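In: Let's see this in three dimensions:
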Amino acid sequence: MGDIITLKDNKDFRRLYYRGKSYASPVLVTYVLKNRRADVRIGITTGKKIGKAVMRNRSRRIIREAFRALSGSIRNGYDFVFVARTKTPFVKSYDVMKAMKKQLKDAGVLT
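Out: Okay, the predicted model is just below:
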């Protein structure tokens with residue numbers, strides 16, 4: 001497996017929002033787009049709607065942990081943006097991982 005790189009540039013996030021395919025559940029929205037690289041790049045978005053900083057940070061931690069658990073079975077050469085929803089800070093990382101696994105399976109990026 002290649003390295004996991006975090007997306008930081010606004011243009012990368014916008015590219016995924018417009019050109020990527022999205023998969024939604026009550027706890028997570030996933031945008032997937034093939035990149036021309038040999039690695040996996042992820043970005044995590046938590047808007048103000050999620051709550052104050054503590055809630056947003058918890059949401060990011062939960063999503064990051066769920067991705068880490070699945071990262072071994074993800075194909076290389078894809079960009080992902082995970083968007084937290086209002087339920088995200090109130091569920092366990094296992095629930096987010098279940099939703100993420102289903103979305104990634106639908107996207108066809110799990111090996």
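In: so what's the residue sitting nearest the centre point of the chain up against?
Out: Residue closest to the average C-alpha location in the chain (Cα atoms, centre = their mean): residue 82, at 2.8 Å. Residue 82 makes contacts with 28, 29, 30, 31, 42, 43, 44, 45, 63, 67, 100, as judged by Cβ atoms under 8 Å, 6 or more residues apart in numbering. No exception for glycine: its C-beta is placed from N, CA and C like everyone else's.
In: Quick one: residues contacting residue 66.
Out: Shown in contact with residue 66 (Cβ under 8 Å, 6+ apart): 93, 94, 96, 97, 100.
In: just to revisit the earlier point, strands - which of the contacts of residue 82 land there?
Out: Among the contacts of residue 82, the ones falling in strands (DSSP state E) are 28, 29, 30, 31, 42, 43, 44, 45.
In: re the thing from before, pLDDT wise, what is the residue nearest to the centre of the chain at?
Out: Residue 82 carries a pLDDT score of 96 in this model.
In: Kindly report the same for residue 2.
Out: As summarised for this prediction, residue 2 has a pLDDT of 58.
In: And residue 61, its phi and psi?
Out: As for residue 61, its main-chain torsions (degrees, to the nearest 10) stand at phi -60, psi -40.
In: Return the per-residue confidence for it.
Out: pLDDT for residue 61: 94.
In: related to what we said a few turns ago, filter the contacts of residue 66 down to the buried ones.
Out: Taking 16 or more other Cβ atoms under 10 Å as the criterion, what is buried in the contacts of residue 66 is 93, 96, 97, 100.
In: circling back: so can I have TSV of the ones in strands among the contacts of residue 82 showing distance to residue 4?
Out: Shown next, in TSV, are these (distance: Cβ to Cβ, whole Å):
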residue	distance to residue 4
28	18
29	19
30	15
31	16
42	6
43	11
44	12
45	17
